[in-house]
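*Asks:* pasted the sequence and its predicted model underneath.
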Amino acid sequence: MAISDHELIQAWKEVLTLSKLEPGQTVTVLTSAATHPQTLSTALTAAAMLGAVVNRLDLQPVNGEKALSRDSLAYLGTTPLTGNKAAIAALKASDLVLDLMTLLFSPEQHEILAAGTKILLAVEPPEVLARMVPTLADRARVLRATAKIEKAKTMRVVSAAGTELTCPMGEFPAIAEYGFCDTPGRWDHWPSGFALTWPNEKQTQGTIVIDRGDILLPMKRYVAEPITITVKDGFAQSITGGVDAELLAEYMESFKDPEAYAISHIGWGLQPRASWTTLALYDREATIGMDARAFEGNFLFSLGPNNEAGGSRSTTCHIDIPLRKCTVSLDGEEVVRVGKVLDQGQE
Ligand SMILES: O=c1ccc(O)c[nH]1
């Protein structure tokens with residue numbers, strides 16, 4: 001359902017206030033061909049109402065002829081910023097970038113963050129943004145989870161469907177996604193609400209069973225027949241099952257890149273206002289599926305790049321797969337039990 005400009009301006013003002021935007025600071029709104037007009041117009045208005053110097057930087061879309069999908073998170077690596085010194089300079093000189101086009105998993109994003117610029121990604125439909133305006137409680141919940149990840153040496157994931165995965169950790173930092181950028185150089189994504197990290201390179205072992213109802217992204221499909229992925233030394237060695245498995249395997253094969261099969265980020269959903277069912281109610285191209293990534297109690301794993309965490313793998317193929325009804329443990333302590341988050345610090 002549509003929402004009013006007034007509601008979305010209010011939502012932006014809350015997110016910008018949580019992001020500690022100060023009067024006189026510079027906000028640059030980064031747009032491209034797929035930017036939602038209402039998200040853009042209300043972002044510009046809200047930032048100006050908070051006294052910011054507001055710029056808009058519109059970039060030409062890239063990769064259209066290479067990507068097999070219009071999903072901004074499906075084909076990564078290069079962006080309209082690649083090699084674009086003038087645009088990068090403008091963003092580095094800004095206090096806050098509102099990314100309405102998707103820089104995620106790009107080297108340029110890191111360069112801009114390293115300059116102290118904050119980057120907030122916001123590309124979901126306006127009503128999804130409004131439904132999941134972040135809160136300080138979201139931040140506290142996600143930080144409790146990332147604190148546990150930071151201390152852990154091993155994440156283990158099991159399920160009745162047959163998942164048995166062991167992920168040694170420690171090489172990469174834990175990432176908290178809670179929907180706003182409250183510290184210099186921070187990247188975040190509105191909407192979100194999950195904790196993640198990357199397993200130690202080449203050390204994940206085991207089996208992942210993507211069961212009926214689990215979700216493939218960017219395909220935005222609820223799996224109808226279980227898919228079994230065998231993982232050895234951090235890479236998916238085989239992807240077997242029915243037509244969903246064939247779709248996933250053949251799509252990944254089309255990238256002709258062995259790095260696409262690497263286990264990427266692992267973690268779990270912590271957003272109570274996200275829902276597993278939402279994807280069934282949207283046209284495939286109308287959303288990038290953040291409800292699926294963030295719904296409370298999922299185990300979210302990813303295949304492909306690890307440059308987001310400081311790794312060297314920047315494959316353009318990026319697959320996110322949230323699983324239901326898993327039990328996730330850190331060094332033997334359960335943090336999710338059969339799809340339910342166990343959070344001692346429950347507010
Ligand atoms: O917010 C996001 C979105 C996609 C992803 O793979 C990670 N975080």
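*Replies:* Thanks, I have it.

*Asks:* residue ranges of the strands in the stretch 101-250 of the chain, please?
*Replies:* For the stretch 101-250 of the chain, the strands defined by DSSP state E, counting those that start in this stretch occupy 118-121, 154-159, 164-168, 175-177, 187-189, 194-197, 205-210, 215-216, 221-222, 227-232, 235-241.

*Asks:* would JSON lines of the ones you listed with distance to I288 be doable?
*Replies:* Quick note: C-beta positions are derived from backbone N, CA and C, even for glycine. Formatted as JSON lines, these follow (distance: least, CB to CB, whole Å):
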{"stretch": "strand 118-121", "distance to I288": "10"}
{"stretch": "strand 154-159", "distance to I288": "24"}
{"stretch": "strand 164-168", "distance to I288": "25"}
{"stretch": "strand 175-177", "distance to I288": "13"}
{"stretch": "strand 187-189", "distance to I288": "10"}
{"stretch": "strand 194-197", "distance to I288": "14"}
{"stretch": "strand 205-210", "distance to I288": "19"}
{"stretch": "strand 215-216", "distance to I288": "12"}
{"stretch": "strand 221-222", "distance to I288": "14"}
{"stretch": "strand 227-232", "distance to I288": "21"}
{"stretch": "strand 235-241", "distance to I288": "22"}
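
*Asks:* so can I have TSV of the ones you listed showing mean pLDDT, mean neighbour count and distance to D320?
*Replies:* As requested, those are exported to TSV (pLDDT from 0 to 100; neighbours: other CB atoms under 10 Å; distance: least, CB to CB, whole Å):
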stretch	mean pLDDT	mean neighbour count	distance to D320
strand 118-121	98	25	14
strand 154-159	98	20	15
strand 164-168	98	19	16
strand 175-177	97	23	12
strand 187-189	98	24	12
strand 194-197	98	26	10
strand 205-210	98	21	12
strand 215-216	98	24	8
strand 221-222	97	16	12
strand 227-232	98	19	14
strand 235-241	98	16	14
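
*Asks:* now for those, which one comes closest to the ligand?
*Replies:* strand 187-189 (3.7 Å; CB to the nearest ligand atom).

*Asks:* other SSEs contacting the closest one?
*Replies:* strand 118-121 (3 or more CB pairs under 8 Å, 6 or more residues apart in numbering; DSSP states H and E).

*Asks:* can you list the strands that the strand it packs on pairs with?
*Replies:* Here strand 118-121 is paired, per DSSP bridges, with strand 96-99 (parallel), strand 187-189 (parallel).

*Asks:* so is it next to the ligand?
*Replies:* No. Figure legend: strand 118-121 not in contact with the ligand (CB under 6 Å from any ligand atom); closest approach 6.7 Å.

*Asks:* can I get the CA coordinates of that strand in PDB?
*Replies:* The C-alpha coordinates for strand 118-121 follow below in PDB (Å, rounded to 0.1, in the frame of the first residue of the first chain):
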ATOM      1  CA  LYS A 118      28.700   7.800   6.600                       C
ATOM      2  CA  ILE A 119      26.700   5.800   4.000                       C
ATOM      3  CA  LEU A 120      23.100   4.700   4.500                       C
ATOM      4  CA  LEU A 121      21.600   2.400   1.900                       C
END
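
*Asks:* quick revisit: got the strands paired with strand 118-121 as CSV, with distance to the ligand columns?
*Replies:* Shown next, in CSV, are the strands paired with strand 118-121 (distance: least, CB to the nearest ligand atom, whole Å):
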stretch, distance to the ligand
strand 96-99, 11
strand 187-189, 4
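
*Asks:* hmm, back to that, ok, which of the strands of the stretch 101-250 of the chain comes nearest D291?
*Replies:* strand 215-216 (9.4 Å; CB to CB).

*Asks:* ok, residues contacting that closest one?
*Replies:* For strand 215-216, the external contacting residues (CB atoms under 8 Å, 6 or more residues apart in numbering) are 210, 221-223, 244, 247-248, 276, 279, 289, 292, 319, 321-322.

*Asks:* same question, stretch 283-293
*Replies:* 70-73, 123-125, 128, 132, 189, 191-192, 194, 215, 217-218, 220, 269, 274-276, 278-279, 298, 300, 320, 322.

*Asks:* list buried residues within these.
*Replies:* Taking 16 or more other CB atoms under 10 Å as the criterion, what is buried in those is 71-73, 123-125, 128, 132, 189, 191-192, 194, 215, 217-218, 220, 269, 274-276, 278-279, 298, 300, 320, 322.

*Asks:* just list what the worst-scoring helix or strand of the chain on mean pLDDT packs against, helices and strands only.
*Replies:* Counting by mean pLDDT, DSSP states H and E, the chain has its least confident helix or strand at helix 107-114, which shows a mean of 93. In terms of contacts (3+ CB pairs under 8 Å, 6+ apart), helix 107-114 is packed against helix 85-92, strand 118-121.

*Asks:* now do it: distance to the chain's middle.
*Replies:* 17 Å (CA atoms, centre = their mean, to the nearest Å).

*Asks:* with stretch 173-192 instead?
*Replies:* For stretch 173-192, the distance to the chain centre is 10 Å (CA atoms, centre = their mean).

*Asks:* stretch 220-235 now?
*Replies:* Relative to the chain's own centre, stretch 220-235 is displaced by 19 Å; criterion: CA atoms, centre = their mean.

*Asks:* stretch 259-278 too?
*Replies:* Taking mean C-alpha positions (CA atoms, centre = their mean), stretch 259-278 and its chain are 7 Å apart.

*Asks:* now do the same end-to-end measure for it.
*Replies:* 31 Å (CA to CA, to the nearest Å).
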